[in-house]
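> Compute the structure for the input listed below.
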Amino acid sequence: MLTKINRQLRLLTAIICCTIGVQAQQSDTKVKMLGEPAPPLYISNWLKGDKITAFEKNKVYVVEFWATWCQPCIAGMPHLSELAEKYKKEVTVLGVSIHERKETTLPIIEKFVAGMGEKMDYNVATEQGTLMAENWMKAYGERGIPYSFVVDQQGRIAWAGPPKNLDKVLPQIISGTWDIKDAAEKRKEWQRLSVIDNNLVPIMNSLMGNPGNPIGALKRIDSILAKNPELKYYPYTGHYTFYALTKTNPEKAVEFGKEWLKHNDYPRFSTVTDAVTGKDNLPASLYILAADCYQSQLDLYPWSMDFPATYKKMAELYVKAGNKEKAAELLKKADSTEVKKTDH
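Below you'll find the predicted structure:
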């Protein structure tokens, strides 16, 4: 069981590194703040759209970082394309490929971009060496993708965060009403809390397992939240809290799980499904929550999911929840998608 828990933690870490910016500040490294001049562009190849050599004054730019292997990146590309079209008179959008795997050559990236078509309808480029990752992501204390920066009319980094939140900030930056100082303070606090959240892993590992020490885990989390209550729904804090609650107070796990998922830009649906699937004697509401999380993964990341196998897992959850009709419906879907899969 400890091996399984460790495997699940490695998966969670991989997802978080893909989707959540994690502070990379070392004791001797100063992380840049919002409001500072935007770094230069270090571009190796332009794959789509216009070449951008420098940030022009009185113009707004979105610089977004992605990779061909990053599922949330791919899922968010249509949304970024919509923003590029909506604000095409005021904003220039640039997607830069970083953190690609060694085997991912330029032709592979070019083929990917071409295949995305209108779903990736903005300027696209690859970085020069690792200079964009170093001078943008690492310099601002980030490493997870997708991640985006907004350069304002004065050439400053006005905002940094997940691309899915651009809707909230772009109108203010375009209109000149965005408060950079306030945003910088909030971001600094978020990064401080992220470090504490990440440091939970070695502390909590010893309390995981079957049965582990879920009561001890919750007490440890409570002691941390007493000093930093804002951590409650952060990725790792939420992950360990949910796991512990499924063993001590399953009904509360449902309530907490729903709130935790809502509070995260890229929810960790796999935490819920891994904690519940295959378990017996849990409340129906917890099984249904896990089934909903499987459905969310099918909706958001269809290319990465085995539909027949997932539908069968969902059916099993609905059987345990006492809804045999829904389970039968899902088994039919599993059979039909299995046939389509075989035909292809």
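> who does the helix or strand containing Ala183 touch, helix- and strand-wise?
Ala183 is part of helix 180-198 when elements are defined by DSSP states H and E. Helix 180-198 sits against strand 157-161, helix 235-248, with contacts defined as 3 or more C-beta pairs under 8 Å, 6 or more residues apart in numbering; DSSP states H and E. Every C-beta, even on glycine, is put in place using the N, C-alpha and C of the backbone.
> Name the residues of it that are buried.
Neighbour counts over helix 180-198 (16 or more other C-beta atoms under 10 Å) mark 180, 183-184, 187, 191, 193-194, 196-198 as buried.
> CA atoms of that helix as PDB?
C-alpha atoms of helix 180-198 as PDB (Å, rounded to 0.1, in the frame of the first residue of the first chain):
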ATOM      1  CA  ILE A 180       0.000  46.100 -10.200                       C
ATOM      2  CA  LYS A 181       1.200  46.800  -6.600                       C
ATOM      3  CA  ASP A 182      -1.800  45.000  -5.200                       C
ATOM      4  CA  ALA A 183      -1.400  42.100  -7.600                       C
ATOM      5  CA  ALA A 184       2.300  41.900  -6.700                       C
ATOM      6  CA  GLU A 185       1.600  41.600  -3.000                       C
ATOM      7  CA  LYS A 186      -1.000  38.900  -3.500                       C
ATOM      8  CA  ARG A 187       1.300  37.000  -5.700                       C
ATOM      9  CA  LYS A 188       4.100  37.200  -3.200                       C
ATOM     10  CA  GLU A 189       1.900  35.800  -0.500                       C
ATOM     11  CA  TRP A 190       0.700  33.000  -2.800                       C
ATOM     12  CA  GLN A 191       4.300  32.000  -3.500                       C
ATOM     13  CA  ARG A 192       5.100  32.000   0.200                       C
ATOM     14  CA  LEU A 193       2.200  29.700   1.000                       C
ATOM     15  CA  SER A 194       3.100  27.500  -2.000                       C
ATOM     16  CA  VAL A 195       6.500  26.700  -0.500                       C
ATOM     17  CA  ILE A 196       4.900  25.600   2.800                       C
ATOM     18  CA  ASP A 197       2.400  23.500   0.800                       C
ATOM     19  CA  ASN A 198       5.200  21.800  -1.200                       C
END
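> can you give me the mean pLDDT across it?
The average pLDDT within helix 180-198 is 95.
> Please work out the angle formed by the directions of it and strand 157-161.
Orientation of helix 180-198 against strand 157-161 (axes from the mean of the first three to the mean of the last three C-alpha atoms, to 10 degrees) gives an angle of 30 degrees.
> And helix 180-198, how far out from the chain middle?
Remark: helix 180-198 is offset 17 Å from the chain centroid, using C-alpha atoms, centre = their mean, to the nearest Å.
> Could you dump the helices and strands packed on helix 180-198 into a markdown table with mean neighbour count and mean pLDDT added?
Converted to a markdown table, the helices and strands packed on helix 180-198 look like this (neighbours: other C-beta atoms under 10 Å; pLDDT from 0 to 100):
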| stretch | mean neighbour count | mean pLDDT |
| --- | --- | --- |
| strand 157-161 | 23 | 97 |
| helix 235-248 | 23 | 97 |
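> Of all these, which one is nearest His79?
Smallest distance to His79 across these (C-beta to C-beta): 13.9 Å, for strand 157-161.
> That closest one pairs with which strands?
Using DSSP bridges, the strands paired with strand 157-161 are strand 147-151 (antiparallel).
> For Thr105, give me phi and psi.
Thr105 adopts backbone torsions of phi -80, psi 170, taken as degrees, to the nearest 10.
> neighbours of it, just the number please.
Residues near Thr105, counting by other C-beta atoms under 10 Å, number 11.
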